[in-house]
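Novice: this is a predicted model, with the sequence first.
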Amino acid sequence: MTKTSTTIGADWGYAPAPESADHFQLKDHYGLFIGGKFVPAVSGKRFKTINPANEKVIAEVADGGEKDVDKAVKAARTAFDKVWRKMSGRERGKYLYRIARIIQERARELAVVESMDGGKPIRESRDVDIPLAAAHFFYHAGWADKLGYAFPGKSVSPIGVAGQIIPWNFPLLMVAWKVAPALACGNTVVLKPAETTPLTALLFAEICQEAGLPEGVFNLVTGAGATGAALVNHPGLDKVAFTGSTEVGKAIQRSLAGRGTKLTLELGGKAAHIIFEDATIDQAVEGIINGIYFNQGHVCCAGSRLLVQESVEEEVVTKLKARMESLIVGDPLDKNTDIGAINSKAQCDRIRDYLKIGEEEGAELFQTQCSVPEKGYWIRPSFFTKVAQSHRIVQEEIFGPVLAIQTFRTLNEALEKANNTPYGLSGGVWTDKGAKIFKVTRGIRAGVIWANTFNKFDPTSPFGGYKESGYGREGGRHGLRPYVELS
Ligand code: NDP
């Protein structure tokens, strides 16, 4: 008989291991960061940013409007014309290295603030988000004086002022993905972070001050969707870069039509995660967990559609259930926590709606039994079986810890189901056979495909989608292209 797990007994558990938040001091309120200074919004308005794990207000943040966006774009233009475009790549690179090093120095503070403001487990902020944000600045610092090698035989120049809009799922990491290549290539930036997670972007503005970045090179305008729309509609931008929902991406595309402003879009996804019968099932189950429950499933490239070969479905589902029951859901600041809080009430409601829709469509819902805190926004790790390709829970991005499980018999059937989606951002395959890996990676129309692993990121590796997942790439040499003019 094979033993699959050890039963320790109900009285055994992890003692709390909270990360402390007393090693830094947040301000009561934050201004916009324009022209190298923190300033209030012209309207004087502010909004509150709350901790989604306990619904407590963390700080108030300036609510930027059209006039603020205008000031920020003008500051970015002046910095571009007078300082940044004229500076040698070698000098620009020094600032990026400095920013990278300060992110490392302030890593603990940034990780705690990221978890407080967004709800993600401290283990993920500490081990993934913040180190990767620093890595993106180190990587792009290296490119700043070597752009001629990135585009051999071409003369390389910056584009100008970039307006960048980012979502709430990886707040500081998205700052890094957007800002590092833009600055390395000689552009200046106006950034709009998400309304629910502005704090690490504000700390990043402090880091720019600390690094002595020339004023106006990086500007930050906090606010909600209307602030993002004001930025997109500002005629002074040369380039817009957006990460977020496909719906808003399409609206931005419409606003920019005919204006000649360059655009890159990194939008939603509904990745197929394919498990063949010859895969190492225990490792594949870990991959499934990482694919869909990492960051509460708030991941555009999440493996949210599981395609399991029929012969191993029962084994995979049984092992998956057992593994899911061991996931610890709760306080994001506890170092044992696997799954933190859902980022906002609105997102929690949206996920709950999808759970209801799935059941109404006839699918079978499994949720773990774990207890969740009374305050805050929580969804237990969940999956649906008995789903059909046409179900909304299979076709639409849920952006939460909810997996849809389907089966297949042949490789071609798996590919057909995998590609039956409006999205094309990512995918995954688990198999013992190299030839199958190549067939799957060539057969799925998606920008990133992981083999025998999932959700691995690296600044040297380009990331981006096809179809309704957007266009343009971030990271690697490909990620420099949207920020340069070549002649
Ligand atoms: P949005 O696309 O609305 O948010 C992304 C960013 O765009 C935020 O900074 C947002 O501001 C801003 N924004 C909103 N409206 C506009 C606009 N008209 N013009 C310019 N900028 C705008 O995502 P949501 O937060 O509403 O999430 C909804 C769904 O989108 C999720 O359930 C998920 O499915 C998907 N999503 C996908 C992401 C991805 O990485 N692919 C990331 C986030 C969401 P603000 O948040 O302050 O309103």
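Specialist: Now that the structure is in, tell me what you want to look at.

Novice: I'd say Gly472 and Gly464 touch.
Specialist: Yes. Counting by C-beta atoms under 8 Å, a contact exists between Gly472 and Gly464, whose distance comes to 5.6 Å. For glycine as for every other residue, the C-beta is placed from the backbone atoms N, C-alpha and C.

Novice: what is in contact with these two at once?
Specialist: Taking C-beta atoms under 8 Å, 6 or more residues apart in numbering as the contact criterion, the residues that touch both Gly472 and Gly464 are Thr264, Glu266.

Novice: more neighbours: which of the two?
Specialist: Relative neighbour count places Gly464 above the other of Gly472 and Gly464, with 24 against 20, counting by other C-beta atoms under 10 Å.

Novice: next, the residue in the stretch 251-400 of the chain that the ligand sits nearest to: phi, psi?
Specialist: Distances from the stretch 251-400 of the chain to the ligand, computed as C-beta to the nearest ligand atom, single out Cys300 as the nearest residue at 3.1 Å. Per-residue torsions, Cys300: phi -60, psi -30 (degrees, to the nearest 10).

Novice: just give me the neighbour total for it.
Specialist: 27.

Novice: is the closest residue to it other than its chain neighbours within a helix or a strand, and which one?
Specialist: Nearest residue to Cys300, sequence neighbours excluded (C-beta to C-beta, 6 or more residues apart in numbering): Gly269, at 4.8 Å. Applying DSSP states H and E as the criterion places Gly269 outside every helix and strand.

Novice: if we can go back for a sec, tell me who's in contact with the residue of the stretch 251-400 of the chain closest to the ligand.
Specialist: Asn169, Thr243, Glu266, Leu267, Gly268, Gly269, Glu397, Phe399, Leu425, Ser426, Ser469.

Novice: pull out the buried residues from these.
Specialist: Those of the contacts of Cys300 that meet the buried threshold are Asn169, Thr243, Glu266, Leu267, Gly268, Gly269, Glu397, Phe399, Leu425, Ser426, Ser469, by 16 or more other C-beta atoms under 10 Å.

Novice: out of these, who's near the ligand?
Specialist: With the criterion set as C-beta under 6 Å from any ligand atom, the members of the buried ones among the contacts of Cys300 near the ligand are Asn169, Thr243, Leu267, Gly268, Glu397, Phe399.

Novice: so which of these are in strands?
Specialist: Thr243 (DSSP state E).

Novice: what sits against the closest residue in space to Gly236 that isn't next to it in sequence?
Specialist: Taking C-beta to C-beta, 6+ apart, and ignoring the residues beside it in sequence, Gly236 has Val73 as its nearest neighbour in space, at 4.2 Å. If a contact means C-beta under 8 Å, 6+ apart, then Val73 has Val161, Gly163, Val190, Asn219, Leu231, His234, Gly236, Leu237 as its contacts.

Novice: ok but Val73 is inside a strand, no?
Specialist: No. Following the definition DSSP: H, G, I helix; E, B strand; the rest coil, Val73 is helix and is not counted among the residues of a strand.

Novice: next one: it from the ligand, what distance?
Specialist: With the distance defined as C-beta to the nearest ligand atom, to the nearest Å, Val73 ends up 14 Å from the ligand.

Novice: which ones are touching the residue nearest to the spatial centre of the chain?
Specialist: Central residue check for the chain by C-alpha atoms, centre = their mean: the C-alpha nearest the mean position is that of Phe170, 4.0 Å away. Taking C-beta under 8 Å, 6+ apart as the contact definition, Phe170 lies against Asp129, Asn295.

Novice: just Asp278 next, same as before
Specialist: Asp278 makes contact with Thr431, Asp432, Lys433, Lys436, according to C-beta under 8 Å, 6+ apart.

Novice: what residues does this structure have near the ligand?
Specialist: Counting by C-beta under 6 Å from any ligand atom, the positions of the chain adjacent to the ligand are 165-169, 192, 194-195, 224-225, 228-229, 232, 243-245, 248, 251-252, 267-268, 300, 347, 350, 397, 399.

Novice: returning to what we had before: so how far is Phe242 from the residue of the stretch 251-400 of the chain closest to the ligand?
Specialist: With distances defined as C-beta to C-beta, to the nearest Å, the gap from Cys300 to Phe242 amounts to 12 Å.

Novice: picking up where we left off before, closest to the ligand out of the contacts of Val73?
Specialist: Checking the contacts of Val73 against the ligand by C-beta to the nearest ligand atom gives Leu231 as the nearest, at 6.8 Å.

Novice: isn't that closest one right up against Lys192?
Specialist: Yes. At 5.3 Å, Leu231 counts as touching Lys192 under the criterion of C-beta under 8 Å.

Novice: all helices for the stretch 101-250 of the chain, in order.
Specialist: 107-118, 122-124, 130-143, 147-150, 171-184, 199-210, 225-232, 246-256 (DSSP state H, counting those that start in this stretch).

Novice: of these, which stretch is the most buried?
Specialist: Comparing the helices of the stretch 101-250 of the chain by mean neighbour count (mean count of other C-beta atoms under 10 Å), helix 171-184 comes out on top with a mean of 27.

Novice: what is the rounded mean pLDDT of that one?
Specialist: Mean pLDDT, helix 171-184: 98.

Novice: now do stretch 462-476
Specialist: In the prediction, stretch 462-476 has an average pLDDT of 96.

Novice: just the buried residues of it, please?
Specialist: Of the residues in stretch 462-476, 462-465, 467-476 count as buried by neighbour count, 16+ other C-beta under 10 Å.

Novice: next, show the common contact partners of Leu231 and Lys192.
Specialist: Common contact partners of Leu231 and Lys192 (C-beta under 8 Å, 6+ apart): Gly163, Ile165, Val221.

Novice: before we move on, back to that, could you single out the nearest of the contacts of Asp278 to the ligand?
Specialist: Thr431 (27.4 Å).
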